[in-house]
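S.K.: My questions are about this predicted structure, shown below with the sequence.
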Amino acid sequence: MTTNPSPQSPLLDATGVAKNYGAVAALRNASLSVLPGEVHALMGANGAGKSTLVKILTGAIKSEAGRILIRGQQLDVRSPADARRAGLLPVYQEPALIPDLDVLSNLRLTGTPVEPFRAWVRELGIPDLDIRETARHIPLAVLRVLDLARALAVEPDVLLLDEMTAALPANLAEKVLEVVRRQGDAGRSVIFISHRFVEISALCDRATVLRDGSTVGVVDIEPGIEERIVEMMLGTRIEKTRVTARAANDVVIAGGGRPRLSVRNLQLGTKLNDVSFDLANGEVAGVFALEGQGQEELFAALAGSIRPTGGSIDVDGAPVKFSHPSDAIQAGIAYVPGDRAEALAMQRSVRENIALPFSAALRKWGPIRMRREQVVVSGAIGRLQIDTRAQGEVQRLSGGNQQKVTIARWIAANARTILCFDPTRGIDVGTKQEIYKLLRELAGQGKSVLFYTSEMEEVQRVCDRVIVIFGGRVVDTFPVEEADEAALMRAAYGLPRGAKADVGILAEVKPGSNAEAAS
Amino acid sequence: MTDIATMPQPVSFGRRLKRFMADRPPIPLIILLIILVVILQILRPGIVNERWIANTAKFAIPLAILAGCQTMTMLTGGIDLSVGTVATMSAFIMATQIVNQDPTVAFLLAMLPAVLIGLVNGIGVGVFRVHPLIMTLGTSLIGTGFLQVYQRTVIASGAKIPGFLNWLGTGLTYGFPNALFLFVPVAVLIVFMLNRTGFGRLLYAVGDNERAARLSGVRYWQVITALYVLSSLLAGITGLLYIGLIKAPSLSLAEPLVLPSVAAAVIGGTSIFGGRGGYTGTIIGALILTVLTTLLTILQMPEGGRRILFGFIVLFVTAAYLRIVEDR
């Protein structure tokens, strides 16, 4: 691990970058300075502005303020092609090869030299790639490596890697990290976006930390630095710690304390490894995770949308295998997706949307008992206080009211367990409060709720307990009283709980090993 | 919700009219139908009488039932191009089997290919996810092929039109065409099914957002299979009605009705992308197309010119109607 100590001028220097989306400031005052030959980590919690900054640097969107210098020259990056010409090349999380073309055609499309590409692919640990293979038929992990090789083949000055090792098996991840490290040694720079401290410590020279759209610090990576980084990501919020225990937390456990839902060693490809937890009756259990840690897959598996590749799910003590969402619904498990467009028939009425599950089963295809349906539906509408002025078509409702409809559907269907995936995303504060209250009420009635959120505040407001997922594993589970923001943040980054006194996990890591922190 | 701002604001008459029509989609269509009839009356005074109306209804009914098949499949984002072949097959089989068979047996034999084709369509679209356009076009071609083979085997026995179908297709009772005895229950059933049954709800839901339907526990293949079987059955029955009207069994009997049936559903306001529409509009759409055909015949234009004009009018009406209904 060598660093590049000479006081060179930075290769890339962005200062004062700002970007607003409507009234929302995605970036206020972000800066990033990358020296030649350094591997630079870009860090920040969800919504801190990392992806916006990356999009601006690579020309995908335009900044509203700020200055970007490459090799000291002011640069107006208007398009990804501009960024490419300036020597800045990104590798995104989503595979970028066109699925219906073979690898060779994909290379031609971007003018990538083939021989260097092949050399890099071999270097990255894939000895037997057939470049005539159609991209669609190549496994995801390999596609990501090919994306990287394609970028490396054109020898960019600054390589921008977004969560490069996510979804890679350990052997490939190791090779990737090794190659990235050598890029730095060869005098080229890498901007490395990652949530994994283990990788960052093995790889990076410095880190820039973003919080709420501003750069809050640039630090050298050295043992023990992860504590400072977490503090910087939290900012002043770290002061606000203790959470009062929930008063209405005396869970009335029916059925002899048998858990409503019991998940054991759940696996799903590379996305979920060994997830185990219980969900009790009368409980709101929070799931907290950074983006893309396997939470989508976990919820989809519990909802019957995708089949897990391993592990078991028990409902009320009996093992179940869901092959279709209707199986999960049969077991009383309802899924409220984060994206409302996924859950609603937008051209249909509020009533039809709420009553949709009633007609799903074959034996319910007959005449609808309109009056009884009306009673049930208006009960749910009243309970959620849905504004029904535009009820003829759901698409004419506000986002908050649409979200209420997706939940009201399962209140009307009287589901015993509700899986809420980030239900408050993009809705107004008032509606958020109502949803929090509703979830608590449901728990009070003995129902159980699994609640994924990316906002730490919501964990404290709503949950009895929080399950933290990192890299497809449950890394920690703790009661809400201990779930202050610092603890959550540390857990979400895979840092062990209460390890502040320790030397820090960075002291003795090998590159490529996976973060695994059990309490 | 008591704070609804009811500000009395001046709205122009045109805007109010548009709103009124947008809220009641069949009204602009009815207006168009009346306009067409008035034009007809002006061009050929005295043509619009009791007999003409009965005759128009007779020809509009088979079209309207086939357009019902299109309406239901289009609600799910599909289409059923095999209705013409299915109708032809059942008509042809009926006409040839009635010669030697008991009417009930002949009827069952006539409906058999309808059920089979519907089942294959449904499984192809619902389970194997073949695009409905390709799937139904394919089964339609296969059906036509089978019909040609079948024709050779019965060529000796000849064909006849059963008296009952003759009565149903062309007869009048108190001036009303007997076909209404079939059509009214069918229409009521379709409208009821679409609005008041679980199956109808699912057609709309699946067509609007298949993922949402799935998350609500709907099994797509069940809905789609049932739908295409139903559509084929209706097409088969239409074939029986149509042979009673046309009285000449041929291998392309109902084929000319296929595209007009799609047009009638589209003119009637059913979205070809799914999730929006209904049968009432379709019925009026079928009437409009039938009156339009009469009108163009009366103009004594050459066949080519008539078709060109027909195509343009269909396009224009559809575009204008969508503008009225969807602008809110």
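M.R.: Here it is on my side, so go on.

S.K.: Give me every residue in chain B lying close to chain A.
M.R.: B:1, B:4, B:192, B:196-199, B:201-202, B:204-205, B:208-209, B:211-219, B:222, B:226, B:275-276 (CB under 8 Å from any CB of the partner chain). From N, CA and C alone the C-beta is placed, and that goes for glycine too.

S.K.: Would you list the buried entries among the residues you listed?
M.R.: B:197-199, B:201-202, B:204-205, B:208-209, B:211-219, B:222, B:226, B:275-276 (16 or more other CB atoms under 10 Å in any protein chain shown).

S.K.: Tell me where the stretch 401-519 of chain A has helices.
M.R.: Along the stretch 401-519 of chain A, the segments classed as helices by DSSP state H, counting those that start in this stretch run A:429-444, A:456-462, A:485-492.

S.K.: Point out the most buried one among the ones you listed.
M.R.: helix A:485-492 (a mean of 23; mean count of other CB atoms under 10 Å in any protein chain shown).

S.K.: Distance from the chain centre to that helix, please.
M.R.: With CA atoms, centre = their mean, to the nearest Å as the basis, helix A:485-492 stands 15 Å off its chain's centre.

S.K.: Please give me every residue in contact with the closest residue to chain A within the stretch 101-250 of chain B.
M.R.: Distances between the stretch 101-250 of chain B and chain A by CB to the nearest CB are smallest at B:G198, namely 3.2 Å. Counting by CB atoms under 8 Å, 6 or more residues apart in numbering or on different chains, B:G198 touches A:358-359, A:364-368.

S.K.: What sits closest to it if chain neighbours are left out?
M.R.: A:S359 (3.2 Å; CB to CB, 6 or more residues apart in numbering or on different chains).

S.K.: Contacts only, for that neighbour.
M.R.: So A:S359 contacts A:365, A:368, B:198-199, B:201-202, B:205, B:218 (CB under 8 Å, 6+ apart).

S.K.: mind running it again at 10 Å?
M.R.: Counting by CB atoms under 10 Å, 6 or more residues apart in numbering or on different chains, A:S359 makes contact with A:352, A:365-366, A:368, A:373, B:197-202, B:205, B:213, B:216-218, B:223.

S.K.: which one among the contacts of B:G198 gets closest to chain B?
M.R.: When the contacts of B:G198 are compared against chain B (criterion: CB to the nearest CB), the nearest one is A:S359, at 3.2 Å.

S.K.: Name the spans of the stretch 101-250 of chain B whose pLDDT lies under the cut-off.
M.R.: Within the stretch 101-250 of chain B, no range satisfies pLDDT under 70.

S.K.: Go ahead and flag the most central residue of chain B.
M.R.: Central residue of chain B (CA atoms, centre = their mean): B:A67, 1.1 Å from the mean position.

S.K.: right, and B:I123 touches B:T225 too?
M.R.: Yes - counting by CB atoms under 10 Å, B:I123 touches B:T225, with 6.0 Å between them.

S.K.: Which of these two has more residues huddled nearby?
M.R.: B:T225 (21 against 17; other CB atoms under 10 Å in any protein chain shown).

S.K.: Wait, a helix at the more buried one?
M.R.: Yes - with DSSP: H, G, I helix; E, B strand; the rest coil as the criterion, B:T225 is part of a helix.

S.K.: Now it: closest residue in space, sequence neighbours ignored.
M.R.: B:G122 is the one closest to B:T225 (CB to CB, 6+ apart), at 3.4 Å.

S.K.: One more: A:Q402?
M.R.: A:R340 (4.7 Å).

S.K.: For the one you found, give me its contacts.
M.R.: A:346, A:394, A:397, A:399-406, A:423, A:425-427, B:212.

S.K.: do you know how far it is from A:V405?
M.R.: Per CB to CB, to the nearest Å, A:R340 is found 8 Å from A:V405.

S.K.: List the buried residues of stretch A:395-408.
M.R.: A:397, A:400-408.

S.K.: From the residues you listed, pick the one nearest A:Y335.
M.R.: Of all the buried residues of stretch A:395-408, A:Y335 sits closest to A:T406, with 9.6 Å by CB to CB.

S.K.: Which residue, neighbours along the chain excluded, lies closest to the closest one?
M.R.: A:A343 (4.4 Å).

S.K.: And B:S261, by the same measure?
M.R.: Here the residue nearest B:S261, using CB to CB, 6+ apart, is B:L66, at 3.8 Å.

S.K.: Which strand or helix spans that neighbour?
M.R.: helix B:50-75 (DSSP states H and E).

S.K.: near chain B at all, stretch A:432-451?
M.R.: No - Stretch A:432-451 stays clear of chain B (CB under 10 Å from any CB of the partner chain), getting no nearer than 14.2 Å.
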